[in-house]
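J.: Need a 3D model of the following:
(2 chains)
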Amino acid sequence: MELTVLVFLPSVAAAIVLLLPERYEGYAKWVALAGTTAALALSIQMFFAFDLNQSGFQYVERHKWVDIGGFNLQYFLGVDGLSMPLIVLTTFLTVASVLISFNITSRPRAYYACLLVLATSVLGVFCALDFLLFFLFWELELFPMFLLIAVWGSGRKEYSATKFVLYTIAGSAFMLIGILILAFNQNTFDIEKLGQSQISGTLIPVGWVFFLLFIGFAVKLPVVPLHTWLPDAHSDAPTAVSVMLAGVLLKMGGYGIIRMCVTIMPGAADDYSIWFAGIGAASVLYGAFITLRQTDVKRLVAYSSVSHMGIVLLGIGALGSTGLAGATYQMLAHGLITGLFFVVIGLMYDRTHTREIAKLGGLARQMPLIATGMVFAGFGSLGLPALAGFIAEITVFLGTFQRYEWAVLMAIFGVVLSAGYVLWMLQRVMFGPVKHEWDGLTDQKYWWEHSAVAGLAALVILLGVYPALLMDMIQPAIDTIMMRVGS
Amino acid sequence: MPFLEAVASAPSIKEEYLWAIIASPLIAWGLIVLYFRKLPKVAGYLAILGIGIACALSYLTLFNVIDADGGIAIHTHEWFTSGPLIVNLGVRIDGLSAVMLVVVTSVSLLVQIYSQGYMSGDAGYGRYFAHMCLFTMSMLGLVLADNLFMLFIFWELVGLCSYLLIGFWFHKPSAAAAAKKAFIVTRIGDLGLLAALLLIWTRAGTFQIDEIQHLALTGALSSSVITWFALGIFAGAAGKSAQFPLQVWLPDAMEGPTPVSALIHAATMVAAGVYLVARFFPVFEVSTDARHVVAWIGAITAVIAATIALVQTDFKRVLAYSTISQLGYMMLALGAFGYVAAIFHLFTHAFFKALLFLGSGSVNHSTNTFDMRKMGGLKKFMPITYWTFMIGSLSLAGIFPLAGFWSKDEILLDAWRENRALWACGAAVAFMTAFYMFRAIILTFHGEYKGGEPVDHHDEDSHFHGDPGHPHESPWVMTIPLIVLSIPAIAAGWFAYHEKFGTFISGALPEAGHEGGSSFEWGVAVTSTLLALAGIGAAYAIYQRKWVTSESLRGTFAPFAMLFENKYYMDKIYEDLFVKTIFQKGWNRLLQMNDRYVVDGIVNGSGRLTREISDRARAIQTGQLQSYGLGFVAGVVILVVAVFAANPL
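T.: Down below sits the predicted model:
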């Protein structure tokens, strides 16, 4: 029951928000905050009640849903050590997104409703264990995302929103074919069952099925060269949507690759692993090189995400216990760090109304707290030890080095490049002589701003100094998957 | 400890005390950041308190290790695991780490006291002490780490603190740029360290320093693994210790406040590279190739930096290049089997170089400049600064019987035994060191005062209070650390120059090093002293007596002077050629164009194509039943014909 409550709590809040009469629309944010905070509290409670010694899925809910042509479509939810941390990440970032949207005045009811439905869809993706249910949640996310970017965005917002939706749908089309082929082959949409059976004798070779599913997830992660929707979507989306997009939506891709591609078709994953490692390492470098050329702060962080998601793919390519755990950790670390980055950039943008690096400069004097947040997020992004990103990156590198030494030796140059783009950006935006056109702008000062920044920063530190908190949960789930790869 | 032969007894100091050494500056940092940012005075005292406690515990630890005849104690705990990966956090105490603890905490404590005066009135006073506490904590963690993973963590954290403190006056574009440069250049070296870490875990399955040393010595690792590992370690060390070709960041790092330069960029962090190589000394002993690289990079660095120091006009940059040169000396020693000599020099250098930097800060405090052309004659205004600076310079120049004489002599002796060419580099550096230091002293303290730098009253960020027209001696909070530091600058060589120091430091190694035989030779000692005296004499002749003017010398050796003044053009090659041209305007731009026009071109193109096709296809959907019917009939006919064509009757 917990999972159903968790997944639909944000939607209930969305319904309440939509039912608010217009003169009470100012309360929309409070309803949204209450709903998301409740979801966060519930997910934290579930996180700590999660039994680390029990393998397999927990909090399972399984109901018959539709029976067509011998296919039992189920309403089947459950979590394991792979999805549980991602769920907490989602609820946490949703709260942060609501908080930093507190100054939204344009159609707040519709805005918060979209944000909350988005949360439901992402939570659904991480909980669903029936492949068709998974696909429904996967597609549900497009609707609120399109509106959030196209209505509340900036710049070429319609182009970016459309590009995002079409790109994802194109990927989903491939994924749906893959799902159907698998289901017809095994006579079930049950992900747990699919993850325990040997797939063979499919309509097309198993490797192709693998590839069909992979395309859908690779668009989301994103994998170079399927990434160009990301910088556009980020630069035109409102702050909270960027936080959700970078923080959790990208993780749906990585989660899908591990949960579906690798778990269901380990043999094919093994065949493709060298490509994962190579493309992952190439993404790290390609993303980082292009990041160095960006002139818009938000676009810069967006491209750095391409680089960081390359590390996820590299870790998956290791197809080993440590590499996969590192890839999972990287998803969580990147979600928090990049989420924080976008929050801080949003706070700055609210005040300066520009993200052009060339126009900014010297802000550390006028906005010391925002500057501190930016420096913190920057160092998180470049993988400073004692922060979450370091543990993730080094675990991936260690886990992959044995199998694909060359790929890791390529990817570690990303460590220098990330220092380059982060520190150069900080130098041009925050440091240098004071620019008097920014005089009189306020620093970070509202409680909702403080709590979003402090909450994210605290978690980034926590995951950096106490990795066992998550590793002990992720590892058993990964080991279960690895047993299939090994056999 | 299965891998350690029980030669000496393990130090009995409680593990909690060792963790407390790391924790007390960390707690001070936390308190400042959370509660006392707005109360700068309290921040300053908290920093002194936190570091003072760490200092007291460090001395306690040192005496404990001395009692144990330089034995080793390791306390380690599991931090996290991931599959086969097991990462520990632990502390390791032995002669080497005990000496480092004492150096770090002593210099840090004195620097914090000095900073109370030097930084007074600065708008970022509280932030300054917070960063200093964080730095001291990280440096202590680095020294105490019992495994490479943990060492790497603190290694990066000291880099962070260095960044924050170099860029402390971030509104100055030069400071912001120097901070960035320092972090990125050292990170290039850290790539090597990271690769070494990956390699050793993959091949040896451990990060523990003692196990790695043991595996290297017993031949359990192939020689190519050992060599690559050693070179990776050295790459990291070369970044932090500003060795050629990564030395370019350290002179720019002088943009930071001078006490920061004294602590981080002279005494402690930059010596971390030397410490790291010393920590893995058994690995370098096994790999002759790697050892030769260390020796020669050290020698090249020492010579290059000393030559650049000859022509500097900035007082602090003379000291910066001197630091690079002396770090090169230590590396040279390590490459020449001079493990004890290198650590001995690290030990003495930390004190006299910190003294020299704080002295230069004292001069700056009074004249508002580091430009030696605007100084002169300060001897009579600032006697304490002058005499303590003189002590530091004599020690650095290696004049008997000051501390620097003993440690430098040991390095030259090891170099002599290893390779005469190495020794020749070292000897040339000894001459140049004495020359540039006394050039600096004469230009700064002798002759007539040239007025300093006028205070710019429009500069809201300046915290300068005095009147550069009337220089004065610095307040006691600044002169007392100078006086205290001049004691080890004089005497650190005496109690360390002792057989026991060698065995004490060597106790950190799994087996006795190559420290056999007498460690004093009259020939080497006399030659180096004569060279140093010659350097002082030459400086005296040119700058004091002006028997030969520096201008005429510069004219005679113009090509060399150009080379030295332009720092061997390395900054230009790195920044203008590599970073700006090849990468930013070339390669990165190319990739960006590819992303915009090729990758996105295909995406947008496929969108356009779809629309085009749809537009064409729409023409068929006329809505006229007649045309649909026509199409239907035509289709049936084609199918029928096709069926008959395929299956003739």
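J.: Which residue is it, in chain B, that comes closest to chain A?
T.: Proximity to chain A, evaluated over chain B using C-beta to the nearest C-beta, is greatest for residue B:83 at 2.9 Å. All C-beta spots, glycine's among them, are computed from the backbone N, C-alpha and C.
J.: How much space separates that residue from residue A:395?
T.: Using C-beta to C-beta, to the nearest Å, residue B:83 is found at 9 Å from residue A:395.
J.: Now do the contacts for the residue of chain B closest to chain A.
T.: Each residue near residue B:83 by C-beta atoms under 8 Å, 6 or more residues apart in numbering or on different chains is listed here: A:320-322, A:325, A:399, A:475, A:478-479, A:482.
J.: Of those, just say which sits nearest to residue A:8.
T.: Lowest distance from residue A:8 to the contacts of residue B:83 (C-beta to C-beta) belongs to residue A:478, with 28.8 Å.
J.: number of nearby residues for the closest one?
T.: Here the count is done by other C-beta atoms under 10 Å in any protein chain shown, and residue A:478 has 26 residues near it.
J.: Can you say which helix or strand has it in it?
T.: Residue A:478 belongs to helix A:468-486 when assigned by DSSP states H and E.
J.: overlap in contacts of residue B:83 and residue A:395?
T.: Counting by C-beta under 8 Å, 6+ apart, the shared contacts of residue B:83 and residue A:395 are A:322, A:325.
J.: avg pLDDT for the helix holding residue A:478?
T.: When pLDDT is averaged along helix A:468-486, the result is 91.
J.: So which bits of the helix or strand where residue A:144 lies are buried?
T.: Secondary-structure element containing residue A:144, defined by DSSP H and E: helix A:142-152. Judged by neighbour count using 16 or more other C-beta atoms under 10 Å in any protein chain shown, the buried positions of helix A:142-152 are A:142, A:144-152.
J.: ok, now stretch A:132-143?
T.: When neighbours are counted by 16+ other C-beta under 10 Å, the buried residues of stretch A:132-143 are found to be A:132-135, A:137-142.
J.: could you dump those residues to CSV with pLDDT, distance to chain B and secondary structure?
T.: Shown next, in CSV, are the buried residues of stretch A:132-143 (pLDDT from 0 to 100; distance: C-beta to the nearest C-beta, whole Å; DSSP: H, G, I helix; E, B strand; the rest coil):
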residue, pLDDT, distance to chain B, secondary structure
A:132, 92, 27, helix
A:133, 93, 30, helix
A:134, 95, 26, helix
A:135, 95, 23, helix
A:137, 95, 26, helix
A:138, 95, 21, helix
A:139, 94, 20, helix
A:140, 94, 24, helix
A:141, 93, 20, coil
A:142, 93, 17, helix
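J.: confidence score at the residue of the stretch 201-350 of chain A found nearest chain B?
T.: Minimum separation of the stretch 201-350 of chain A from chain B (C-beta to the nearest C-beta) falls at residue A:321, amounting to 2.9 Å. In this model, residue A:321 is scored at 93, pLDDT.
J.: For it, list the residues it contacts.
T.: A:399, A:475, A:478-479, A:482, B:82-84.
J.: at 10 Å what do you get?
T.: Contacts were defined as C-beta atoms under 10 Å, 6 or more residues apart in numbering or on different chains; by that measure residue A:321 touches A:399, A:475, A:478-479, A:481-483, A:485-486, B:82-85.
J.: nearest to residue A:453, of the residues you listed?
T.: Closest to residue A:453 out of those is residue B:82 (29.4 Å), distances taken as C-beta to C-beta.
J.: Show me what the closest one is bridged to.
T.: In this structure, residue B:82 has beta-bridge partners residue B:85, where bridges are defined by DSSP bridges.
J.: Am I right that it is in contact with residue A:473?
T.: No - taking C-beta atoms under 10 Å as the contact criterion, residue B:82 and residue A:473 are not neighbours in contact, 11.5 Å apart.
J.: Between those two, which contacts overlap?
T.: residue A:328.
J.: More neighbours: which of the two?
T.: residue B:82 (27 against 18).
J.: quick one: residue A:462 from residue A:470, how far?
T.: The span separating residue A:462 from residue A:470 equals 9 Å under the rule C-beta to C-beta.
J.: Now find how far off-centre stretch B:191-207 is within its chain.
T.: If you compare the mean C-alpha spot of stretch B:191-207 with that of the full chain, they lie 21 Å apart, counting by C-alpha atoms, centre = their mean, to the nearest Å.
J.: So is that stretch next to chain A?
T.: Yes - residues of stretch B:191-207 are located near chain A by C-beta under 10 Å from any C-beta of the partner chain, namely B:191-192, B:194-195, B:197-199, B:201-203, B:207.
J.: Grab the nearest non-local neighbour of residue A:114.
T.: Once flanking residues are discounted, residue A:114 sits nearest to residue A:144: 3.9 Å by C-beta to C-beta, 6 or more residues apart in numbering or on different chains.
J.: Hmm, that neighbour is touching residue A:240, no?
T.: No - using C-beta under 10 Å as the test, residue A:144 is too far from residue A:240 to be in contact (11.6 Å).
J.: which residues are in contact with both of those two?
T.: Shared contacts of residue A:144 and residue A:240, counting by C-beta under 10 Å, 6+ apart, come down to A:111, A:115, A:118.
J.: would you list the contacts of residue A:321 in CSV and tack on distance to residue B:610?
T.: Supplementary listing: those in CSV, determined by distance: C-beta to C-beta, whole Å:
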residue, distance to residue B:610
A:399, 41
A:475, 45
A:478, 40
A:479, 45
A:481, 38
A:482, 42
A:483, 44
A:485, 39
A:486, 44
B:82, 45
B:83, 46
B:84, 49
B:85, 48
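J.: PyMOL command to pick out the buried ones of those residues?
T.: Of the contacts of residue A:321, the buried ones can be selected in PyMOL as follows, counting by 16+ other C-beta under 10 Å:
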select buried, (chain A and resi 399+475+478+479+481+482+485) or (chain B and resi 82+83+85)
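J.: I am finished for the moment; much appreciated.
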